[in-house]
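**Q** Sequence and predicted model, in that order:
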Amino acid sequence: MKILLTGRNGQVGYELERSLQGLGTVVALERGRLDLSDLDQLRAVLRAEQPQLIVNPAAYTAVDKAESEPRLAYRINAEAPALMAEEAKRLGAALVHYSTDYVFAGTEAAARAEGDATGPINVYGASKLAGEQAIAAAGIPHLIFRTSWVYGMRGKNFLLTMLRLAREREELRIVDDQHGAPTWSRTIADSTALVLAQARAGGPDWWRQHGGLYHLSSQGQTTWFGFTEAILEEAGMACRLLPITTADYPLPAPRPQYSVLSSAKLTRQLCQLPHWRAALRLCMSG
């Protein structure tokens, strides 16, 4: 099986290139060779490579910047996945795509299931939802994994930012009224590989029975403040932390107050997921 992987230098793409080895021949492309904002290039690459499976972790993820760049956010997060689905249909290929907890409004303090009503409150979430809908409408074998609060030991993410700031400052003010589940990029990659191994063994029937939308985020929940406490504890760092509210730290893009995802469907049918605290410990021990 030939697998085309986008965004190889991103947090999830980097881990996927490792995790997908053994499932097929992985053609992993960085932005310089495959820029999702260039739809003509994307189409040309897909037609040249002719993969049997497209795995797309690449995305426009600058949540605040998306408010002032909505056209670019939609091109990368909605139009590019729609084109991938169109080309996958032409090739007879399957598509794996990643989405976000930010497709929900986050106004209810309950974990969201796959069938719950969406209602994004920022451009980023709306663009990612549009990408999901385009793939689902294409009628191809697909998996869409919604995940949340992604971090790892490379790239730009909350974990690395907190480690840097804790070295530079004596005190940090951290939002304590937004709830979610921090999810290690390697958890996402390894879970994807486990599911795809089942798909390879099951053939076309597997996709008909198990394809579709799943939530893939770590078990448990915390706030950004709680996440920061855990990060500093694992790092053995001392820094005074002050809990603040969302209103105390205004940003261009509004955030969901409660964006915990229920991954019960995935854990019941396909694979187990770790608690966020255990995954963080593993990530930082390496």
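**A** In hand now; what should we look at?

**Q** just the helices in the stretch 51-200 of the chain please.
**A** 70-74, 80-91, 123-137, 158-168, 185-210 (DSSP state H, counting those that start in this stretch).

**Q** beta partners of E171?
**A** Beta-bridge pairing for E171 (DSSP bridges): R240.

**Q** how about it, what does it touch?
**A** 239-242 (CB atoms under 8 Å, 6 or more residues apart in numbering). C-beta coordinates here come from the backbone N, C-alpha and C atoms, glycine included.

**Q** Now with 10 Å, please.
**A** 165, 239-242 (CB atoms under 10 Å, 6 or more residues apart in numbering).

**Q** now those: which count as buried?
**A** Using 16 or more other CB atoms under 10 Å as the burial test, the contacts of E171 include 239, 241 as buried.

**Q** distance of the most far-flung residue of the chain relative to its centre from L160?
**A** Largest separation from the mean C-alpha position in the chain: E170, at 31.7 Å (CA atoms, centre = their mean). E170 is 19 Å from L160, where distance means CB to CB, to the nearest Å.

**Q** ok, and the closest non-adjacent residue to S127?
**A** Take S127 and drop its neighbours on the chain: the residue closest to it by CB to CB, 6 or more residues apart in numbering is N77, 3.8 Å away.

**Q** same check, this time on Q269
**A** H210 (6.6 Å).

**Q** burial measure for that neighbour, as a count.
**A** 16 (other CB atoms under 10 Å).

**Q** Verify the stated contact: it with L143.
**A** Yes. Assessed by CB atoms under 10 Å, H210 is found in contact with L143 at 8.2 Å.

**Q** which neighbours do these two share?
**A** In contact with both H210 and L143: 195, 199, 270, using CB under 10 Å, 6+ apart.
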